[in-house]
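>>> Provided below for reference: sequence and predicted model.
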Amino acid sequence: MKIILSGGGTLGPVTPLLALLEQWRADKRNVDVVWVGTVNGPEAQLVRTHDVRFISIASVKLPRHFTPYWFVIPFLAIYALVESWKVVKTEQPDVIVTAGGYVSVPLVLMARLFGVCSWVHQQDIRPGLANRIMSKVASRISVTFKESAEAYPEKKTEVTGNAVRASLLNGDRQQASRKFGLDPSRKTLLVIGGGSGSVWINKSVSAIASHLTAAWQVLHVAGPGKLDSVLASGERYVVEPLIGEGMDDAYAAADAVLCRAGLGTLTELATVGKPAIVIPIPDSHQEDNAFFLYEHQAALVLDQTETTPQVLLSAIRSVMESEDVQMRLAANLKLTFPKDGTKRIADGVLALAAESAAKWVRAETAKEMPKGTDETREPHEEISREREAVAMESIEDQLKRALCRGETDVDDVREAHHRYEAREDDPDRDADDGAFRVTHV
């Protein structure tokens, strides 16, 4: 069976899907996996280390406040839908799985158009906009906590817990010392700003670096492109832009972790049993996650708007200097998260894929199909090929109208469209390179 995993922009919606991949491989399941993510996100590098084919498509994120970007959104949305249509038509998956992220929205919508099943996983306590949109057409929905289930249709929603990579338990402190240049005899504070990093955390920790390294050592994951915001260095202060496959060793080396409140990171900390100092992104869904941990005394939670370098240093000391505090926070964090989420979601996805595969027969591969030969897919009960053709014609008509307005604001969009047509006419292009890419507008 063939499964598309989709997510990116940050590593939040990526790591749970990698956990599913690990589970299928550990169970020796015969699954062909393709990943669909963003053009410039950090996920591509990490996904490719797992020997998974990666396809990038345009991602349309909705800003919280008005910006000129709002005028570009309709054009990018059309491009994203066209790219998603091409991916679903070419790859012919049995099911699409996502743990959130705007890049997945057009893909799941197009999957519904083709009659392809989709599985949406809700990690955070508060449902995000992308998941709320996709839930309308999703076949199945899983949630980490029961508190989130009421936001989705009851008949297709299940409380499963979150998916987490079992390989994180294989970390070794001595190996981490060799890999990152750490002193195995000193306590280590691991600083993580999330999959894309945090400038605020980078600058705040840098401001107290001399106090931290006087007593311990720091392993600081700054985030891709954010090394310049880390203003500290030294023998006991190790900075990495991003840690992919070595994250298990980084956790093994850590005595405590300073991090954001993304559910992916928090689930990993619960799995490896590490105490956490959590600073959620202000005015975001992370605040709900952090408050949930605070209620269960499962982490030391700080409010970014009220946290000065001195307050941050005091909080770190209260955890790093007390083994009792470390043990209590780690134990409570473990008890807070439902167990066996990875297995339950992985098996559920395979069951849904098998059900979907039974409804139609796929050609051997899209590349082997003779030119002009259509897929051998049977009509889905909710959509006919005639409706599919009409829907696609509507999308292309919208695209043409947008490109024919003659407005200077769409020049870059028009240029991207021309690049796409040129790629389609090039017989030597790499078919695995994905659809055309809109990098800026």
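Thanks, I have it.

>>> how many other residues sit next to L219?
The local packing of L219 (other C-beta atoms under 10 Å) involves 24 other residues. No exception for glycine: its C-beta is placed from N, CA and C like everyone else's.

>>> bridge partners for it, pull those for me.
L190, V238 (DSSP bridges).

>>> tell me the contacts of it?
180, 182, 188-191, 238, 240, 250, 253-254 (C-beta atoms under 8 Å, 6 or more residues apart in numbering).

>>> ok, now S104?
S104 sits next to 6-7, 13, 36, 96, 98, 130, 134 when contact means C-beta under 8 Å, 6+ apart.

>>> from N131, how far out is it?
9 Å (C-beta to C-beta, to the nearest Å).

>>> same check, this time on L258
Using C-beta to C-beta, we find L258 at a distance of 27 Å from N131.

>>> which residues in the stretch 1-150 of the chain form helices?
15-26, 43-48, 73-91, 105-114, 129-135, 146-149 (DSSP state H, counting those that start in this stretch).

>>> how about the last one: buried residues?
For helix 146-149, burial by neighbour count (16 or more other C-beta atoms under 10 Å) applies to 148-149.

>>> after that helix, which helix or strand is next?
Downstream of helix 146-149, the first helix or strand assigned by DSSP states H and E is strand 157-159.

>>> sheet partners, orientation included, of that following strand?
When DSSP bridges is applied, strand 157-159 pairs with strand 140-143 (parallel).

>>> from the contacts of S104, which single one is nearest H65?
A130 (17.9 Å; C-beta to C-beta).

>>> ranges for the strands of the stretch 201-350 of the chain?
Ranges of strands within the stretch 201-350 of the chain are 217-221, 237-240, 256-259, 276-278, 300-301, based on DSSP state E, counting those that start in this stretch.

>>> mean pLDDT and distance to L18 added to these, as JSON lines?
Converted to JSON lines, the strands of the stretch 201-350 of the chain look like this (pLDDT from 0 to 100; distance: least, C-beta to C-beta, whole Å):
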{"stretch": "strand 217-221", "mean pLDDT": "97", "distance to L18": "17"}
{"stretch": "strand 237-240", "mean pLDDT": "95", "distance to L18": "19"}
{"stretch": "strand 256-259", "mean pLDDT": "98", "distance to L18": "18"}
{"stretch": "strand 276-278", "mean pLDDT": "98", "distance to L18": "21"}
{"stretch": "strand 300-301", "mean pLDDT": "98", "distance to L18": "27"}
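
>>> and the ones you listed as TSV, adding distance to V159?
Formatted as TSV, the strands of the stretch 201-350 of the chain follow (distance: least, C-beta to C-beta, whole Å):
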stretch	distance to V159
strand 217-221	31
strand 237-240	35
strand 256-259	25
strand 276-278	23
strand 300-301	24
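
>>> on that earlier part again, quick check: of the contacts of S104, which lies closest to E43?
G7 (6.9 Å).

>>> could you report the neighbour count for the closest residue to the closest one other than its chain neighbours?
Among residues not flanking G7 along the chain, P13 sits closest, at 3.5 Å (C-beta to C-beta, 6 or more residues apart in numbering). Using other C-beta under 10 Å, P13 is surrounded by 31 other residues.

>>> I'd assumed A19 was in contact with P13.
No. Counting by C-beta atoms under 8 Å, P13 does not reach A19; the two are 11.8 Å apart.

>>> so, low pLDDT: which residues of the stretch 1-150 of the chain?
For the stretch 1-150 of the chain, residues meeting the criterion pLDDT under 70 lie at 64.

>>> quick one on the thing from earlier: and the helices of the stretch 1-150 of the chain, which is most packed in?
Mean neighbour count (mean count of other C-beta atoms under 10 Å) peaks for helix 105-114 among these, with a mean of 24.

>>> T188 contacts A254, doesn't it?
Yes. Between T188 and A254 there is a contact at 5.3 Å, judged by C-beta under 8 Å.

>>> so how far is stretch 30-42 off the chain centroid?
How far stretch 30-42 lies from its chain's middle: 10 Å, per C-alpha atoms, centre = their mean, to the nearest Å.
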